[in-house]
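[1] Quick one: sequence and predicted model below, then my questions.
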Amino acid sequence: MRWIRRTGNGGLALIVLLLAARPISTAPSERRLSVFSSAANYSLPVVQRDGKDYVGLLELLDPLGTATSKTSGSRWRIRFNNRVQADFTAGKDHALVQGRDTNLGGRFLLENDRGLVPLTCLNTVLPMLLGGPAILHVASDRILIGDAGTHFTATVPPAEHPSLVLQFSATVSPTVSNEPGGLRLMFPRDPVLPPASPTLTFGDKTIPSATYSESSTGAEIFIRSTGALVATVSRDNRTITVAPASAPQVAGTTPVPVAAPPGENPPVPVPANVPNTPSAPQVPRRYFVVLDAGHGGDDRGEAISASLLEKDLTLSFSRRLREQLEKLGITVLPVREADVNLSLDQRAAIANSNHGALYVAVHTSSSGHGVRLFTALLPSESDDRGPFRAWETAQLPFRSYSLIAAAGIYSALQQQRIPARSLMAPLRPLGNITEAALALEIAPQGTEAGQLASPDYQQTIAAAVAAGIASVRDKLGTVP
């Protein structure tokens with residue numbers, strides 16, 4: 001466990017601002033089937049042939065055991081774990097699986113010795129090959145093998161201020177989307193399964209119901225509410241608590257300096273009962289914005305195209321954003337100015353040691369549209385020790401400022417008619433930052449990923465983001 005020194009009021013609730021936003025797609029530009037099993041979790045491409053969805057059967061089975069295939073003319077044979085066998089014929093809609101004639105629901109395709117089967121036949125073919133259950137969820141492009149699914153319960157325990165408690169059978173890593181009328185939890189990386197009824201009612205006026213659904217981003221739970229909500233996660237990532245939000249409380253006015261660099265032991269905490277312990281001194285702020293271009297060096301980020309890498313686009317955009325901010329009189333510290341490797345801990349340490357008012361991480365994506373704004377989704381509890389705050393939850397006292405910054409940028413993007421989404425997710429290094437912190441993920445405005453490299457598009461986004469930061473500069477200037 002790593003620690004940083006803390007002062008002021010910690011442990012602020014996660015206030016979910018009800019911005020007019022819709023959930024975003026976190027799926028890559030290529031459609032993929034997510035496979036969850038006890039042996040491995042992975043994904044493989046889904047391709048379309050003759051209006052049907054297909055997957056490569058060998059690619060699907062290979063991570064689950066020993067899979068081999070053999071082609072003989074139009075015939076294709078696959079063996080799994082040297083004991084089960086299936087025979088397919090190109091162009092035929094039936095196959096011989098474990099000696100049984102099996103309807104594939106579509107023609108088997110053989111392309112360069114690669115056997116492609118219709119996606120919908122996996123519910124039938126996979127259990128026969130694996131000797132156990134395999135359930136295809138078509139709406140979310142997921143297949144769950146064996147007991148890989150994550151179940152959950154939802155209850156509203158009696159209390160003066162009722163809250164919805166979601167208990168999961170395994171750890172989850174949700175993304176939170178604030179929407180009119182409620183809050184949406186998305187599980188793009190988790191095999192969350194539906195409850196007995198997709199709609200759960202609770203008899204509570206503030207949180208009347210929750211609905212489970214599936215989309216291309218995975219499982220989703222939409223929690224209806226008559227007002228703003230608080231969403232917090234437990235430290236073991238198995239419990240999510242959703243409750244009505246109260247007005248955000250501003251953190252203290254004293255700074256939270258770094259007590260030890262990441263990876264080093266913290267200094268011995270000052271006992272709480274020592275009298276006249278001086279508060280941490282105010283640290284002069286040399287920079288207002290700490291600007292962090294994502295990836296770099298060996299970490300290329302997403303391959304946007306054959307010639308466009310995310311690490312280059314984030315650096316280019318960060319330079320434009322810095323120029324726009326400085327035109328508005330806002331001082332900027334760039335974390336990465338060249339094609340170099342920086343760890344997430346190094347990026348957080350640079351930000352924390354320079355005591356800026358706002359940390360902005362920049363990323364790009366070929367999927368989705370416009371700009372996605374991320375703030376940190378953190379555990380509701382922290383393993384703090386005396387005057388030192390745990391590194392993993394350093395952002396806790398600053399989340400209200402982070403949401404203010406996100407709201408300002410969101411509003412500026414909307415004014416320029418740039419599609420924008422506001423989300424919360426457990427993203428590093430946001431949780432380690434001791435100032436207002438958010439991440440920008442910039443996607444094309446249209447369907448062409450190459451637009452990300454357009455100077456005009458970059459300039460439009462940079463100008464809007466800079467204007468949004470300037471609009472909340474006075475509010476962020478009080479960050480301790």
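    Sure, I can see it.

[2] ok, how many other residues are close to the closest residue to residue 409 other than its chain neighbours?
    Distances taken as C-beta to C-beta, 6 or more residues apart in numbering place residue 468 nearest to residue 409, at 3.4 Å, with adjacent residues excluded. The C-beta positions use only the backbone N, C-alpha and C, and glycine is treated the same way. Around residue 468 there are 23 other residues, counting by other C-beta atoms under 10 Å.

[3] tell me the phi and psi of residue 468?
    Reported as degrees, to the nearest 10, the phi and psi values for residue 468 are phi -60, psi -40.

[4] can I assume it is in contact with residue 410?
    Yes - the pair residue 468 / residue 410 is scored as a contact, 7.1 Å apart, by C-beta atoms under 8 Å.

[5] Residue 132 contacts residue 144, correct?
    No - between residue 132 and residue 144 there is no contact under C-beta under 8 Å: 11.2 Å.

[6] who's more crowded, the two?
    Counted by other C-beta under 10 Å, residue 132 and residue 144 do not tie: residue 144 has more neighbours, with 20 against 11.

[7] what sits against that one?
    36-37, 134-135, 137, 191, 193 (C-beta atoms under 8 Å, 6 or more residues apart in numbering).

[8] Which of the residues you listed ranks first by neighbour count?
    Of the contacts of residue 144, with other C-beta under 10 Å as the count, residue 191 tops at 25 neighbours.

[9] Counting neighbours, what do you get for residue 309?
    19.

[10] Identify the residues contacting the residue lying closest to it once chain neighbours are set aside.
    The shortest distance from residue 309 to any non-neighbouring residue, by C-beta to C-beta, 6+ apart, is to residue 300 (4.8 Å). By C-beta under 8 Å, 6+ apart, the residues touching residue 300 are 309-311.

[11] Considering those, which is situated nearest to residue 352?
    residue 311 (23.1 Å; C-beta to C-beta).

[12] and after the worst-scoring helix or strand of the chain on mean pLDDT, which helix or strand comes next?
    Lowest mean confidence among the helices and strands of the chain (mean pLDDT, DSSP states H and E): strand 3-5, at a mean of 50. Using DSSP states H and E, the helix or strand that follows strand 3-5 towards the C-terminus is strand 32-36.

[13] ok, residue 152 touching residue 170?
    No - in this structure residue 152 lies outside contact range of residue 170 using C-beta under 8 Å: 9.5 Å.

[14] So if I had to pick from these two, which one is more boxed in?
    residue 152 (21 against 14).

[15] For that one, list each beta-bridge partner.
    Taking DSSP bridges as the rule, residue 152 bridges to residue 168.

[16] Residue 200 too?
    Beta-bridge pairing of residue 200 under DSSP bridges involves residue 210.

[17] Next, the contact list for it, please.
    Taking C-beta under 8 Å, 6+ apart as the test, what residue 200 contacts is 154, 209-212.

[18] Now do it against residue 156, distance only.
    10 Å (C-beta to C-beta, to the nearest Å).

[19] Please apply the same query to residue 239.
    The gap separating residue 239 from residue 156 is 14 Å, by C-beta to C-beta.

[20] Ok, residue 216 next?
    30 Å.

[21] Compare the two (neighbour count), which wins?
    Taking neighbours as other C-beta under 10 Å, residue 216 and residue 156 compare with residue 156 leading, 20 against 13.

[22] Report the contact partners of that one.
    162-165, 202-204, 207.

[23] try it again with 7 Å
    By C-beta atoms under 7 Å, 6 or more residues apart in numbering, the contact list for residue 156 reads 162-164, 202, 204, 207.

[24] how about the nearest residue to it, chain neighbours excluded?
    residue 202 (4.3 Å).

[25] and if you look at residue 174?
    For residue 174, the spatially nearest residue (C-beta to C-beta, 6+ apart) is residue 185, at 4.6 Å.

[26] Show me what whichever strand or helix holds the one you found packs onto, helices and strands only.
    Assigned by DSSP H and E, residue 185 belongs to strand 182-187. Contacts defined by 3 or more C-beta pairs under 7 Å, 6 or more residues apart in numbering; DSSP states H and E place strand 182-187 against strand 175-179, strand 218-224.

[27] Mind putting those into a markdown table with distance to residue 349, mean neighbour count and mean pLDDT?
    As requested, the helices and strands packed on strand 182-187 are exported to a markdown table (distance: least, C-beta to C-beta, whole Å; neighbours: other C-beta atoms under 10 Å; pLDDT from 0 to 100):
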| stretch | distance to residue 349 | mean neighbour count | mean pLDDT |
| --- | --- | --- | --- |
| strand 175-179 | 26 | 23 | 84 |
| strand 218-224 | 33 | 22 | 95 |
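
[28] Residue 378 is nearest to which of the ones you listed?
    Judging these by C-beta to C-beta, what sits closest to residue 378 is strand 175-179, at 11.2 Å.

[29] Helices of this protein, start to end?
    With DSSP state H, the ranges of helices along the chain come out as 57-61, 122-130, 310-327, 344-354, 399-415, 455-471, 473-476.

[30] Please report how far the residue sitting furthest away from the middle of the chain lies from residue 90.
    Ranked by distance from the centre of the chain (C-alpha atoms, centre = their mean), the top residue is residue 73, with 45.5 Å. Relative to residue 90, residue 73 is positioned 9 Å away (C-beta to C-beta).

[31] do the same with residue 105
    From residue 105 to residue 90 the distance is 16 Å (C-beta to C-beta).
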